[in-house]
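S.K.: can you look at this prediction? I've put the sequence above it.
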Amino acid sequence: MKLYLVQHAEACAKDVNPERPLTDQGQADVERLAALMKRSGIQVERVIHSGKLRAQQTAEGLASSIAPGVYPEISGLMNPNDNPRAFDWQSESWDRDTLIVGHLPFMGGLVSHLLIDDVGHSLVAYQPGSIVCLEHRDDSRWQLNWMLRPELLK
C-alpha cells in the first residue's frame, strides 16, 4: 500500500486573493506531475485533501489523471498547524493506495510521524507542488520510496 503525500502547488498570495487559488505556475506544476504519475502507471483509490482551495485544486488536478471516478474527500484534520498524530484515525482505512494533499508544516510532520514517529523532526524538504511516496511494509512500518519536487519536472 502506498501513500502519495503532496504539498499543494504554488498558490496566490493572500493579499492578491484571500482564497489563495493556484497560480498559473502552480496549475502547470500540477499538470506536469499528473502527467508523469499517469505515464508511470500510478493509480490511487482514495484522495484526501484539507478543503482549502489550493489543496482542493491540486487534489482534483492529480485525481483526474490517477484516480478516475474517485471523489476527493475533505479532512478537517489537515490544516497547516494541525498535529499529524491526530490524523492517525485515517490509518485504519489506509488499505489502498491513497493521495493526500495538504500544507506545511503539516505534510512534513506527517512524513516524519509515519517514518520515525517524531513530528518535530524534518525529514523531507517540501516545496509547493512536491510529492513524497511512502510504502507500507509487511512489518507494519512505512518506508520512503521516493520524493519529487516540481523543478525536476521542467
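M.R.: All right, it came through fine. All values reported here derive from a predicted model rather than from experimental measurement.
S.K.: which SSE is immediately downstream of the top helix by length along the chain?
M.R.: Longest helix in the chain, counting residues (DSSP state H): helix 24-39. Downstream of helix 24-39, the first helix or strand assigned by DSSP states H and E is strand 46-49.
S.K.: chain center to that following strand: distance?
M.R.: How far strand 46-49 lies from its chain's middle: 8 Å, per CA atoms, centre = their mean, to the nearest Å.
S.K.: do the same with stretch 116-133
M.R.: Chain-centre distance of stretch 116-133: 10 Å, with CA atoms, centre = their mean.
S.K.: can you give me the strands in this protein?
M.R.: Along the chain, counting by DSSP state E, strands occupy 2-7, 46-49, 73-74, 98-102, 131-136, 142-148.
S.K.: my read: residue 86 touches residue 75, true?
M.R.: No: Residue 86 is beyond contact range of residue 75, at 9.9 Å (criterion: CB atoms under 8 Å). Heads up, the C-betas are built off the backbone N, CA and C, glycines and all.
S.K.: ok, those two, which is more surrounded?
M.R.: Taking residue 86 and residue 75 together and counting by other CB atoms under 10 Å, residue 75 has the greater number of neighbours (19 against 13).
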